[in-house]
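K.L.:
give the three-dimensional model of this entry:
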Amino acid sequence: MISKNWSRRSALACAIISLGCGRLFAQEPPTLAVPGAPTGKTPAIALIDSSDAAQWQSLVKERGWQVITAPAASTAIDPRVQALASAVQDAIQKGSVDPARIYLAGRSEAAAAVFYTISRVPDLWAAGIAVGGSPQPAVDSDRLFTANFTLVPVLWVSAGPDDQALAKKLKADGLNVEWRPANGTTNGAILDWLLQHQRDEFPNEIDCETNSPTFAHCYWIQLTKFDVNERNDVLPTTRLKPVASAALDLGGFGYKPGDPGPGILVSYLPEKYNGELKIGDRIVAIDGRPIADAHQYAEIMAKATEGHAAAMIQRGKEKIRMETRIVLPHRDPVVTARVEAQYLPEDKEIQIVSRTIQEMRVTIPPHWAKDAKLFWNGLALEKVDSPGCVVLAVEKELLHANKCP
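P.N.:
Numbers count the residues shown, from 1 in each chain. From the prediction side, this is the model:
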């Protein structure tokens, strides 16, 4: 994923560009039977970066798995997430894919998009695999909620010198991530790890958080109306705080965090960009200090303070000095909605706790429906006598429950 710089006027750019390159990982794909899969249905690998499809297809061919991709209609990440989710749902409806064993995957620059996509759409995946790259760009998007990983573990296989420490920190912060070193981790071991996990359409316990009504589906609950006045301090935010790193005020340019240098290669510029940079430029020095690679640039920005700066740009054989500033990111307050719910079989109770939610749709499966009691934020609503969809709403400070229209 290409790192985005902050401009003085805007927050982190939404666009995430995924570039795939090189081998996937060590080759060792032994055939393994899929226990419990419905007849004729196979596990599937879903890719946010479709350019990697050929390598993944080669990897899972002997196991009979499918690979699901979606056309990249936009460089912005959210439309790409929506497109992939639609492609997965289409594959499920066609009946050839096992909905309990759909795994989200990405490598290199697309690894961060695995974490981002799970945070946006948590209820389609049994697990995720990120090969190389780093989840840090997803954290810095300000949209990574650890609650959404409760039922979706992610295996991160990488070789960066600081990766294990980062994974340990993210896990301590509540992210459901497991790290393994790239050296010694084979294809077969990764696919076997994925097969250990499966998705339950109606898990007894769910927990989701979002900042967008577009991404508001949580297994058997669909959040349909938000209201910031519906506060609930019982449910704090699970959002991971981004690193407040400085950046050069040259517009929202992007570069690959793994760029070996010299300097950093400008790989992305936003639409209608009117700054001085061009795609293919290399930022090779700041205030006369040479930049060895992207890692050193990130270290410099992490320690920088606001103020004037001069950047040296390599453009072909020409070197250009650009006067600019180092700026710190400005982040607007984030308002989120969260729902935590559970079904208690022994008590036959469906308990829902929510924050910032005025209305939701709850789908009740047949095996929960007989004489179940429904509670929302501690208040009893009604006894459930049949399966199906129920609309829960707050109107004039009163809670209501009705059958979905």
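K.L.:
helices and strands of the protein: which one bottoms out on pLDDT?
P.N.:
strand 3-4 (a mean of 42; mean pLDDT, DSSP states H and E).
K.L.:
after that strand, next one along is what?
P.N.:
Toward the C-terminal end, the helix or strand that comes next after strand 3-4 (DSSP states H and E) is strand 42-47.
K.L.:
what's that next one packed up against?
P.N.:
Using 3 or more Cβ pairs under 8 Å, 6 or more residues apart in numbering; DSSP states H and E, the elements in contact with strand 42-47 are helix 53-60, strand 66-68, helix 77-94, strand 97-107. In short, each C-beta sits where N, CA and C put it, glycine included.
K.L.:
and of those, who's closest to Arg231?
P.N.:
Taking Cβ to Cβ, helix 77-94 is the member of the helices and strands packed on strand 42-47 nearest to Arg231, at 26.4 Å.
K.L.:
returning to that earlier point: between the helices and strands packed on strand 42-47, which gets nearest to Pro333?
P.N.:
Of those, the one closest to Pro333 (Cβ to Cβ) turns out to be helix 77-94, at 19.9 Å.
K.L.:
how near is the spatially most central residue of the chain to Arg143?
P.N.:
In the chain, the centroid-proximal residue (Cα atoms, centre = their mean) is Tyr116; its distance is 1.5 Å. Applying Cβ to Cβ, to the nearest Å, the value for Tyr116 to Arg143 is 7 Å.
K.L.:
and what of Gly288?
P.N.:
In terms of Cβ to Cβ, Gly288 sits 37 Å off from Arg143.
K.L.:
higher neighbour count, the two?
P.N.:
Set Gly288 next to Arg143 and count neighbours by other Cβ atoms under 10 Å: Arg143 wins out with 25 against 7.
K.L.:
coming back round to it: the residue nearest to the centre of the chain belongs to a helix?
P.N.:
Yes: under DSSP: H, G, I helix; E, B strand; the rest coil, Tyr116 sits within a helix.
K.L.:
Asn232: how many residues sit nearby?
P.N.:
Neighbours around Asn232, by other Cβ under 10 Å: 14.
K.L.:
ends of stretch 312-321, what's the gap?
P.N.:
Separation of the first and last residues of stretch 312-321 by Cα to Cα, to the nearest Å is 5 Å.
K.L.:
can you list the buried residues in it?
P.N.:
Judged by neighbour count using 16 or more other Cβ atoms under 10 Å, the buried positions of stretch 312-321 are Met312, Ile313, Gln314.
K.L.:
output the below-cut-off pLDDT ranges for the stretch 301-405 of the chain.
P.N.:
For the stretch 301-405 of the chain, residues meeting the criterion pLDDT under 70 lie at 330-332.
K.L.:
can you pull out the strands in it?
P.N.:
For the stretch 301-405 of the chain, the strands defined by DSSP state E, counting those that start in this stretch cover 307-315, 318-327, 337-344, 349-355, 357-364, 372-376, 379-384, 388-395, 398-403.
K.L.:
so for Gln296, what's the pLDDT?
P.N.:
Here the pLDDT value assigned to Gln296 is 87.
K.L.:
show me the contacts for it.
P.N.:
Applying Cβ atoms under 8 Å, 6 or more residues apart in numbering, one finds that Gln296 lies in contact with Gly261.
K.L.:
report how many residues lie close to Val339.
P.N.:
The burial count for Val339: 26, using other Cβ under 10 Å.
K.L.:
burial of the closest residue in space to it that isn't next to it in sequence, as a residue count?
P.N.:
Nearest residue to Val339, sequence neighbours excluded (Cβ to Cβ, 6 or more residues apart in numbering): Ser354, at 4.6 Å. Neighbour count for Ser354, taken as other Cβ under 10 Å: 22.
K.L.:
ok, now Arg338?
P.N.:
There are 25 residues near Arg338, going by other Cβ under 10 Å.
K.L.:
element containing the closest residue in space to it that isn't next to it in sequence?
P.N.:
The shortest distance from Arg338 to any non-neighbouring residue, by Cβ to Cβ, 6+ apart, is to Glu209 (4.1 Å). Assessed by DSSP H and E, Glu209 sits inside strand 205-210.
K.L.:
residues in contact with Leu399?
P.N.:
Contacts of Leu399 by Cβ under 8 Å, 6+ apart are Trp376, Asn377, Leu379, Leu381, Leu392, Ala393.
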